[in-house]
Each structure stands twice: as C-alpha cells, then as structure tokens.
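Asker: Next one to model:
(2 chains)
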Amino acid sequence: MIISVASGKGGTGKTTVATNLALSLGPDVDVQVLDCDVEEPNSSLFIRPSIEEVKTITTPVPKVDMERCSLCGKCGEICQFKAIVVVGEKVLTFPELCHSCGGCIEVCPEEAISETERELGTIKKGHRNGLEFIQGELRVGEAMAPPMIKRVREYTRPESITIIDAPPGTSCPVIASMKGADFVLLVTEPTPFGLHDLKLALGAVKVLGIPCGLVINRSGIGNNDVEKYAREEGVPLLLEIPLDRRFAEAYSRGDMIVEQFPDWKERFRDLYNKIIELSSSED
Amino acid sequence: MKEIVIISGKGGSGKTSILSAFASLAENKVLCDADVDAADLHLIMDPQVKERHDFKSGHTAIINQDRCVQCGMCRDLCKWDAISEDFVVDSIDCEGCGVCYYFCPEKAIDFPLNTCGEWYISDTRFGPMVHARLYIAEENSGKLVALIRERGKKLAEEKGLDLLLTDGPPGIGCPVIASLGGASAVLIVAEPTVSGRHDMERVVDLAEFFKIPAMVCINKFDLNPEEGEAIEAFSRERNVSVLGRIPFDLGFTEAMVQGKNIVEFDSHSKGCKAVQDIWANLAQSL
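Answerer: Numbers count the residues shown, from 1 in each chain, chains lettered A, B, ... in the order given. Okay, the predicted model is just below:
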C-alpha cells in the first residue's frame, strides 16, 4: 500500500500529515516513510529517527578518451541536453546538464566514451521504534530531483504501508513522487492560493489516474471555496485540521500532533481507515 | 537594472504575499512570477493579458505502430523503462533523450517538440507583469523560468524601468537554480520553525554556491522567537543581511481572500508596517 501525500502549494502541511499519519499507525504495523521532498526534506525533523545508513547517490555521466576520439561529433548530435559537444579539437562535457541517457556512449563509433559519476545527493535510512524512515537529500547545486526521487522509491517494501512525503508543485518531481501510488492524499489550506494549487495538483492526480482524498489544514482561515470545489469534483474530504496556534507552535518545535494531543492519534487512524476503504472500493 | 528574486526553500513561507505587498511599495518595476509550477501571484495582481505565447521545449518519442517491427532495440536502450511490451511510449516516463528515435532501425519513431506551457505579458494595477503556466505534469520548468525572467528584463528595458521583482519557486532544484542566475540579490523569506530553518540554511548554501548576495526576512516571527533568533544568528554568521521580522498576522490571508495585498487591505496593520520596513531596508541596500 503506497500513500503519496502531495499538494500543489508548498507549506500546506504535507509533512505534518505524512508524519502524523505514519506515527498514528503505531508500533505493531509495518510502516515506512519515504521523504521524497529531496530538495527540502523535513520529515526527519519530526520523526527524529536514528540514522543507520547514509549512502551517496550518483548518476552516470560521460568521460571521453581523447586518444580514441576521432572528433566525429555524433555524441553532440544525439545529446538532447547539450551536455556534450565537439568544439574544434576538443570534446566538452557539461556533467550537470547530463540526463544519463547513455546515448553518447551508444553512438560513439570509436568506443571513446565511458561512464564516470555525478553526485546527486545522499539517502539516509533509519528507524524510530518500528517505523522505517528513508530520506533523499539533493546535493546543494544539483538541479535534478526526479532521479533522486526514483532512487528513494526503490526502498519501497511491497508488504509495508509506504507513506511518501512529496515535494510541492505539479511538475516532474511531483509526478515522480506520485506515480505508482495506490492513493494520493492531497493537503491544502482553505485560501485562494490553496484552492488554485489544489486544482493543479488534482489535475496531475487525474493524469495518473490514482484515487485521491483531501485534507484541509488550518481550517477556519480563508473561506469555504476549497470545500465547495472538492464537493463539486467528487474529492472526498477526509480530515480537517483547524487553525490552532498550539498546533503551529508544536510544529515550529518539531513536535508531533499525535504525541502532543493524543486524541488526534485516533483521528489520523481514522484517516488511514478511510484511505483503505476508498482505495479498495476503486479496485 | 536590478533584479530581486524572492525565494524560501520551504514552500508556504509567504513569498507571494510579501512580493505582492512590494508591488505597492516599489516604483518603476516589472513583476515576474517565476513559480511557474504553481503560480499564484496573478491571484492578487489580476493581470490583463496583453500577449500570450506558447512555451515549447523538449521532445517526446512516439512509436509509429505501422512501421514498428517490434525488434525490441528501443526497449533495450531506454533508460527510463518508458516503452511498454507492446511498444507504446508512456509520455510521462519519457525523458525526451531521443536515443530510441536515433537508433530505431525502421525509423518508426517520431520525436515531436512539446508545447509544455504558455507565458504572458500583462498589465496590472501595479505596472507590467510577466508570468507563465507550465502545463500539468510537464517538464522543463527551469527553461520556462529562465525565459520569463529574460522577457521581464527586456520588458523593463523597453519601458525604461529599472527593477525586476521576481517571485521564485520553492525548493533548491532546477527551477530555483534557473531563477538565480544573474540576479542582483535574493531575498529569503524564512519561517521560524525547525523545518523553516533547515530549509533556509540550504537556500543560503545555494545562493552562496551561485555567488548571489542573499538577504533574509522572517515571517510569522512570534510563532517561535527562539527559532527566529537562531535564523538571524545563522544569517549574520553567513553574511546574509537581516532585513526584518514580520509578525503572525491573519490580515495576509484575509487580504488574499479579497484579492488584495496587505498594503491595500490594511495599511495600519502590524504586518503591513513590518513589510514597509523591510522594503525600505531592501531599497536602501539596492
């Protein structure tokens, strides 16, 4: 069971929902959290796992052997990303632009190109009691989040309940964090920005054809347009978290709602049960 | 000409609310919404679109079933597993690398250019604005960010304006990197929470990596003054100028609901006063 927690707008409470949902399921359930917001991963600040493994993640990029190169230029021709180009008597490579498609290596008639590596970032793995925690962290200066997200998702264990903390937005990193999920939990706030970006996020979920539900965070601010929109679109509203300064302050310290306010543990479990119901009725 | 790019690392820290207030305070400027993935600035600016352009970038492979002999070469070469057993390309998984298109022995693969968004030049009650919309689930957001910043600068030059105010995307990846190159300075809007501090530290690293001067202001400061002070201390250590503190003020949300910025909504509010001070400090540093 893979649940991806997403939103169009940033700062609506994805991490809050993902971490509290995971923790509410308690010690006797096999749960893993994958933090796929690799640009700004935050769930470890709340889950506070003990980290057992740190792995450097790399992607292959080309290295040219000038002894063999005949300057034919085919590598530059096939590369769609301007990551390799023949200029005069030289072959220039721009590893930061390379998408690791392997085209230049494949096309080179002299077998002059081999693989070297570019660092994408690190993956950390750890536990808090029974909860398994995996986090991708993009290297500062690295542009490409999707390959990193794919590497984090390789840690998915099919027998487990996998909760993905997705990045904000609606483009490639978000798609990489939602594709293949059994359910997408959309988190938004009831404001015009929240509504606008919810529409975009819902569009992405529809492209992927995944069942989804909505959590409204900070309910009480803004207006009722999000709720109205969700009703019109047939997106079930699964949980409302009120605007409550105590929640905001707990969040600011890295404290979890389900631990500070124990009655919320039941509400997050309820949320999980609703998700199970909705995703099985889709099958 | 100067360009100030507002970024935050963490989403939802108040970039757009603050930039929209600056729109009331700054003179001779062009507004630019570079958060093309989830653009929101137009909800406050109410732009009247004067020009609309397609944004074309990147290619997607399409297999022509009439010519395909199912030799399997494309499937062997594709690093993204984007080609199914019955030789249909999943356009979402396709990276647009063109390797299958290049090597197909039957020339059975087309590789058309994608239209993946649109961009606009508009008028607003605050002056001209450039903005864009990346279509859902599309790629190349970094290129669209670079394009509209370029157009924003051009527009400013044409109109004899000397400031580009750019609303940046969250994160530190491709679209953010594309929003930094050539900027005069970045203003980081930070939130006084453990995650806000973590994320702003990474953005400070990023600005330093690309050698762009950084400034910081802290939104919702009173939510957790200890975290706020920690952010300020970190900033000073890293030579990031601290421009000010904005108190937690629901007026920002109420203004947004009315399609206004905080200056228009309530110019006597604490939030407005704080943003005015920050703008004054920013203008001075320019």
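Asker: Which elements pack onto the helix or strand hosting residue B:256?
Answerer: Using DSSP states H and E, residue B:256 maps to helix B:251-257. Contacts defined by 3 or more C-beta pairs under 8 Å, 6 or more residues apart in numbering or on different chains; DSSP states H and E place helix B:251-257 against helix A:192-208, helix B:15-25, helix B:262-265, helix B:270-285. All C-beta atoms are positioned from the backbone trio N, CA, C, and that covers glycine.
Asker: highest average neighbour count across the ones you listed?
Answerer: helix B:15-25 (a mean of 25; mean count of other C-beta atoms under 10 Å in any protein chain shown).
Asker: Let me see the mean pLDDT of the helix or strand just after that helix.
Answerer: Sequence order places strand B:29-33 as the next helix or strand after helix B:15-25, per DSSP H and E. Mean pLDDT, strand B:29-33: 98.
Asker: check contacts around residue 24.
Answerer: All of this is about chain A. With contact taken as C-beta atoms under 8 Å, 6 or more residues apart in numbering or on different chains, residue A:24 is in contact with A:258, A:264-266, A:268-269, A:271-272.
Asker: my bad, chain B
Answerer: Shown in contact with residue B:24 (C-beta under 8 Å, 6+ apart): B:126, B:261, B:263-264.
Asker: Likewise for residue B:275?
Answerer: For residue B:275, the contacting residues are B:18, B:21-22, B:25, B:246, B:262-263, by C-beta under 8 Å, 6+ apart.
Asker: From residue B:125, how far off is it?
Answerer: According to C-beta to C-beta, to the nearest Å, residue B:275 stands 18 Å off from residue B:125.
Asker: Which residue would be the closest one in the stretch 1-150 of chain B to chain A?
Answerer: Residue of the stretch 1-150 of chain B nearest chain A, by C-beta to the nearest C-beta: residue B:11 (1.0 Å).
Asker: Not counting its neighbours along the chain, what's nearest residue A:89?
Answerer: Computed as C-beta to C-beta, 6 or more residues apart in numbering or on different chains, the closest residue to residue A:89 that is not its neighbour in sequence is residue A:71, at 6.6 Å.
Asker: any idea which of the contacts of residue B:275 is closest to residue B:270?
Answerer: Within these, the smallest distance to residue B:270 is 8.3 Å, found for residue B:246 (C-beta to C-beta).
Asker: Test my guess that the closest one contacts residue B:221.
Answerer: Yes: contact between residue B:246 and residue B:221 holds when scored by C-beta atoms under 8 Å: they sit 6.3 Å apart.
Asker: Between the two, which has more neighbouring residues?
Answerer: residue B:246 (27 against 22; other C-beta atoms under 10 Å in any protein chain shown).
Asker: quick one: contacts for residue A:211?
Answerer: A:182-184, A:278-279, A:282.
Asker: By neighbours, which of those residues wins?
Answerer: residue A:184 (28 neighbours).
Asker: Confirm that that one lies within a helix, as I assumed.
Answerer: No: assessed with DSSP: H, G, I helix; E, B strand; the rest coil, residue A:184 is strand; it does not lie in a helix.
Asker: thinking again about what came up before, I'd like the distance between the residue of the stretch 1-150 of chain B closest to chain A and residue A:211.
Answerer: Counting by C-beta to C-beta, the gap from residue B:11 to residue A:211 is 25 Å.
Asker: Quick check: closest non-adjacent residue to residue B:170.
Answerer: Residue B:170 sits nearest to residue B:11 (C-beta to C-beta, 6+ apart), 3.7 Å away.
Asker: So which residues of the stretch 1-150 of chain B form strands?
Answerer: B:2-7, B:29-33, B:48-59, B:62-63, B:109-110, B:113-124, B:127-134 (DSSP state E, counting those that start in this stretch).
Asker: wait, the stretch 51-200 of chain A
Answerer: A:84-87, A:90-93, A:113-128, A:131-138, A:161-165, A:183-188.
Asker: which of the ones you listed is buried the deepest?
Answerer: Ranked by mean neighbours (mean count of other C-beta under 10 Å), these are led by strand A:183-188, with a mean of 26.
Asker: residue contacts, whichever residue of the stretch 101-250 of chain A sits closest to chain B?
Answerer: Closest contact between the stretch 101-250 of chain A and chain B, by C-beta to the nearest C-beta, is at residue A:101 (3.4 Å). Residues in contact with residue A:101 (C-beta under 8 Å, 6+ apart) are A:80, B:79, B:95, B:97-99.
Asker: Between those residues, which sits nearest residue A:50?
Answerer: Of all those, residue B:79 has the smallest distance to residue A:50: 35.0 Å, by C-beta to C-beta.
Asker: Would you mind listing the residues in contact with residue 81?
Answerer: The chain I'm using is chain A. A:97-99, B:97.
Asker: nope, chain B
Answerer: Applying C-beta under 8 Å, 6+ apart, the residues near residue B:81 are residue B:93.
Asker: Which parts of chain A are helices?
Answerer: A:14-24, A:43-47, A:74-78, A:103-107, A:146-153, A:172-178, A:192-208, A:225-233, A:245-253, A:257-260, A:263-282 (DSSP state H).
Asker: In a markdown table, list these along with mean pLDDT.
Answerer: Formatted as a markdown table, these follow (pLDDT from 0 to 100):
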| stretch | mean pLDDT |
| --- | --- |
| helix A:14-24 | 97 |
| helix A:43-47 | 98 |
| helix A:74-78 | 98 |
| helix A:103-107 | 98 |
| helix A:146-153 | 97 |
| helix A:172-178 | 96 |
| helix A:192-208 | 96 |
| helix A:225-233 | 97 |
| helix A:245-253 | 95 |
| helix A:257-260 | 96 |
| helix A:263-282 | 93 |
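Asker: Look up the pLDDT of residue 91 for me, please.
Answerer: No chain in the question, so chain A it is. The model's pLDDT for residue A:91 equals 97.
Asker: wrong one, I was asking about chain B
Answerer: Predicted confidence (pLDDT) for residue B:91: 94.
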